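Chemist: sequence? don't have it. structure:
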């Protein structure tokens, strides 16, 4: 079974599309754990409106409501405590999954028993992130594996998501997993799409980081890189 954990904070415009894409998966042996992380909009109401739909399809659907916003890492850790699946997918609320995403990623892990996680290329708006075959040395140099990768639950780090990391949380997680001797496998197809403008996902063209280092977003990114490199003892 796949446990899908969705941290949600003020995603009333995109949450329905995300949940519909999960409902339409060709792989049906799953449970959904939605963590409403102190949303101030209608996210809670939208989440609750899907309860009957999933129940009718005999898909486990649990909503956890937090009164205050504690951040995505905390919400993901809270959701994982409830997870019962052999596999876990930490799904962003601004994502839409291809209908066969879970089927393809689960089959890939079955085909590569030595791998702990499987990741794919993806769309960010109209931009395709094609990604690369798994390479630990490359991962140490740059963050290229998205949060939305299917992971064997047994290989989820004991410390979970680092709740003190505010940016590049996915890079931190996959470095932690790999430093425990684990590896990943890449699917050379885009299996999900991230909608720009969400509260979790952001992106700037690569030239921005070289030519416009004074931009606030670039400064925050560079500071986050320093924090991750220091934590993981990367040069």
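Modeler: Cool, the structure landed. Given the structure is predicted, the values throughout are model-derived calculations rather than measurements.

Chemist: please make it C-alpha for all contacts and neighbour counts, starting now.
Modeler: Fine.

Chemist: and the closest residue to residue 161 other than its chain neighbours, how far is that from residue 45?
Modeler: For residue 161, ignoring the flanking residues on the chain, the nearest one in space by Cα to Cα, 6 or more residues apart in numbering is residue 73 at 5.3 Å. Distance of residue 73 to residue 45, computed by Cα to Cα, to the nearest Å: 23 Å.

Chemist: please apply the same query to residue 16.
Modeler: In this structure, residue 16 and residue 45 are separated by 11 Å, where distance is defined by Cα to Cα.

Chemist: give me the more crowded residue out of residue 73 and residue 45.
Modeler: Neighbour comparison, residue 73 and residue 45: the larger count goes to residue 73, with 19 against 10 (by other Cα atoms under 10 Å).

Chemist: element containing that one?
Modeler: With elements taken from DSSP states H and E, the one containing residue 73 is helix 72-80.

Chemist: ditto for residue 61
Modeler: When secondary structure is defined by DSSP H and E, residue 61 falls within strand 60-66.

Chemist: any low-confidence regions in this structure?
Modeler: Confidence mapping of the chain against pLDDT under 70 gives the ranges 197-218.

Chemist: for the protein, longest helix please?
Modeler: Under DSSP state H, the helix in the chain containing the largest number of residues is helix 216-231.

Chemist: so how far is that one from its chain's centroid?
Modeler: Taking Cα atoms, centre = their mean, to the nearest Å, the mean C-alpha location of helix 216-231 is offset from the chain mean by 20 Å.

Chemist: now whichever strand in the chain runs longest: buried residues?
Modeler: The strand spanning the most residues in the chain, taking DSSP state E as the definition, is strand 184-194. Along strand 184-194, these residues count as buried under the neighbour rule (16 or more other Cα atoms under 10 Å): 184-187, 190-194.

Chemist: name the strands paired with it and say parallel or antiparallel.
Modeler: Using DSSP bridges, the strands paired with strand 184-194 in its sheet are strand 95-97 (antiparallel), strand 117-124 (parallel).

Chemist: export these as JSON lines, with columns for mean neighbour count and distance to residue 173.
Modeler: What follows is the strands paired with strand 184-194, written out as JSON lines (neighbours: other Cα atoms under 10 Å; distance: least, Cα to Cα, whole Å):
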{"stretch": "strand 95-97", "mean neighbour count": "24", "distance to residue 173": "19"}
{"stretch": "strand 117-124", "mean neighbour count": "23", "distance to residue 173": "12"}
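
Chemist: can I get those in a markdown table with distance to residue 65?
Modeler: Supplementary listing: the strands paired with strand 184-194 in a markdown table, determined by distance: least, Cα to Cα, whole Å:
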| stretch | distance to residue 65 |
| --- | --- |
| strand 95-97 | 20 |
| strand 117-124 | 28 |
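
Chemist: and residue 105, which of these is closest to it?
Modeler: For residue 105, the closest of those is strand 117-124, at 6.1 Å, according to Cα to Cα.

Chemist: now that closest one: how far from the chain's centre is it?
Modeler: Offset of strand 117-124 from its chain centre (Cα atoms, centre = their mean): 10 Å.

Chemist: what lies in contact with the helix holding residue 73?
Modeler: By Cα atoms under 8 Å, 6 or more residues apart in numbering, the surrounding residues in contact with helix 72-80 are 5-8, 33-37, 64, 90, 160-163, 165, 169, 200.
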